[in-house]
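Student: predicted model, plus sequence, below.
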Amino acid sequence: MTRPKDILLVTGMSGAGKSTVLKTLEDLGWEVVDNLPLLLLDRLLAAPLPEGSPNESQPLAIGIGARTRDFDPERIVSRIRDLRDRHGLEIGMLFLDCSGAELERRYSETRRRHPLALDRPANDGIGRERELLAPLRDWANRLIDTTDMAANELAQQIRASFAGGELGEPTLSIRSFGFARGLPRNADLVFDMRFLRNPHWDHDLRPGTGLDADVSAYIMDDPAYEAAVSRIEELLMLLLPRYRAEGKSYVTVAFGCTGGRHRSVHVADRVARRLRDAGFSPSIAHRDLGAAPQDALEGSPVVL
């Protein structure tokens, strides 16, 4: 019997992007099966690979959800543990989440009926499904919240993570943001940089960003800066290898300040460079870098 080298179970909220993920994995050379009943899993693993498969250890992605026949989250978790412990298979689970309001908008836009809503409003089905899938969400070692993602953005993230045909190394993302504009949804670790002196209240520095040399120098001149940022970097050096050992495939580290233009941007950029020097390969994005400075968001200047 030829078993796949890697197995990825793809599940999550209906409308959150499972079809996009499976199609992208198929394009990357994965064997893809959707809505497979659990009782057929052993038969699938025992079956010979299709003629023309690229290799004998072609990775396998299986889509499961509330519409799958004999769907039982507790049995699925138990079965995965059995396959891992008794057969030594590498199995991961990717859970696709999305806010209820956005799911309602998507169903309204496409004029489709939620599979669990029957003759009730979509939000009833969404709530019922969220409760049903809770054990899988808790157990999954990969989580993507697609609330703010377009389909092509989700496909890009999947390609970046699974292009090698393996469950692979964690995808490390460094983000900056402004607390005044809301927390990022996918952050695993959030560091608050609002204790540092704020360049917004310097008239000459306000139009700049944390990527500018004069703004960076102002932030670095804060007496607490070096000790605090160095300790954050040391903490990440300790945690990231542990996340990798636990099989976590996505790690997002977010740095926030009030407006998301100065302090968080500078620190995120510095930490990303430090991690690259240490052998990691983080991507970096500044969510609120292009936002206009606003006094109303920044509160009152603090005199240190």
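Tutor: On my side now, so go ahead.
Student: report the contact partners of Y225.
Tutor: By C-beta atoms under 8 Å, 6 or more residues apart in numbering, the residues touching Y225 are 196, 219. (Each C-beta comes from the backbone N, C-alpha and C, glycine too.)
Student: for it, give me the backbone phi and psi.
Tutor: Backbone torsions for Y225, taken as degrees, to the nearest 10, come to phi -60, psi -60.
Student: kindly provide the distance from it to A180.
Tutor: Per C-beta to C-beta, to the nearest Å, Y225 is found 22 Å from A180.
Student: what's the answer for D145, then?
Tutor: In terms of C-beta to C-beta, D145 sits 20 Å off from A180.
Student: next: L9.
Tutor: 38 Å.
Student: these two - which one has more neighbours?
Tutor: Of the pair L9 and A180, L9 is the one with more neighbours under other C-beta atoms under 10 Å, namely 22 against 17.
Student: residues in contact with whatever helix or strand the more buried one lives in: which ones?
Tutor: In this assignment (DSSP states H and E), L9 forms part of strand 6-12. The contact list for strand 6-12 (C-beta under 8 Å, 6+ apart) reads 18, 21-22, 25, 30, 59-65, 76, 80, 83, 89-98, 133, 136-137, 140, 162, 165-167.
Student: filter those residues down to the buried ones.
Tutor: Those of these that meet the buried threshold are 18, 21-22, 25, 30, 59-65, 76, 80, 83, 89-98, 133, 136-137, 140, 162, 165, 167, by 16 or more other C-beta atoms under 10 Å.
Student: can you give me the strands for the protein?
Tutor: Secondary structure of the chain (DSSP state E): strands located at 6-12, 31-34, 60-63, 90-97, 142-145, 171-178, 189-192, 250-257, 283-286.
Student: to V215, which of those lies closest?
Tutor: V215 lies closest, by C-beta to C-beta, to one member of the strands of the chain: strand 250-257, at 11.6 Å.
Student: where in the chain is pLDDT low?
Tutor: Confidence mapping of the chain against pLDDT under 70 gives the ranges 1-5, 48-57, 69-70, 87-88, 110-111, 116-119, 164-170, 245-249, 295-304.
Student: middle-most residue in it, spatially?
Tutor: The chain has I144 as the residue nearest its centroid, 3.9 Å off, counting by C-alpha atoms, centre = their mean.
Student: hey, what's it bridged with?
Tutor: In this structure, I144 bridges to L96 when assessed by DSSP bridges.
Student: for it, what are its contacts?
Tutor: Listed by C-beta under 8 Å, 6+ apart, the contact partners of I144 are 17, 94-97, 154, 157, 186, 250.
Student: run the last query once more with 10 Å
Tutor: By C-beta atoms under 10 Å, 6 or more residues apart in numbering, the contact list for I144 reads 12, 16-17, 21, 94-98, 154, 157-158, 161, 185-186, 249-250.
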